[in-house]
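Visitor: okay, sequence plus prediction incoming.
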Amino acid sequence: MTDSGSTEEGTVSSPGIGMRLCIAGISAKFPSVPNISTADLAQLMKNSSGQSADSGKLVILDTRPEEEYSISRIPGATRVDYTDEVNNILEAVPQLASIGSLFKWANENRPLVDEKGERTVYAHPYNAVY
């Protein structure tokens, strides 16, 4: 979460109750995934600005609908549809195939198992259908 304060771009305010509840819910569901502030993200973006676009140092994914993404987005963000097929996501963000992710693991033909512990060849992002 962000704290109130000032940045080069202007004043930053704390998120409203709805956003705080959303962040708390996401944090509870994914406790090992850190939540970073907008100030920290801005610093990461500034630090990686000298890197080439395909360096894989910083990847910002935007999963909002196209209508929202087309109006405003973080510079350098890539829109992906989280319900899309894995191969389409990897085409949109090729650096995901080369970092330590489930997709890289699967692309290297390493073992995967399903909920029953049986071997599977599929690596799926979360989708209510699965």
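Guide: Arrived safely, thanks for sending. Numbers count the residues shown, from 1 in each chain.

Visitor: for stretch 14-30, which residues meet the burial criterion?
Guide: For stretch 14-30, the neighbour count (16 or more other C-beta atoms under 10 Å) marks no residue as buried. Quick note: C-beta positions are derived from backbone N, CA and C, even for glycine.

Visitor: give me the next element, helix or strand, following the helix or strand where D40 lies.
Guide: Assigned by DSSP states H and E, D40 belongs to helix 38-47. Counting by DSSP H and E, the element after helix 38-47 in chain order, helix or strand, is strand 61-62.

Visitor: partner strands of that following strand, with direction?
Guide: If you go by DSSP bridges, strand 61-62 pairs up with strand 78-79 (parallel).

Visitor: quick one: mean pLDDT for the partner strand?
Guide: Strand 78-79 shows a mean pLDDT of 88.

Visitor: my guess is Q95 meets V59, correct?
Guide: Yes - counting by C-beta atoms under 8 Å, Q95 does reach V59; the two are 5.8 Å apart.

Visitor: all helices of this protein, in order?
Guide: Taking DSSP state H, the helices of the chain run over residues 17-29, 38-47, 66-71, 86-92, 102-107.

Visitor: report the contact partners of I36.
Guide: For I36, the contacting residues are L44, by C-beta atoms under 8 Å, 6 or more residues apart in numbering.

Visitor: so what's the backbone phi/psi at it?
Guide: The phi and psi values for I36, taken as degrees, to the nearest 10, are phi -110, psi 150.
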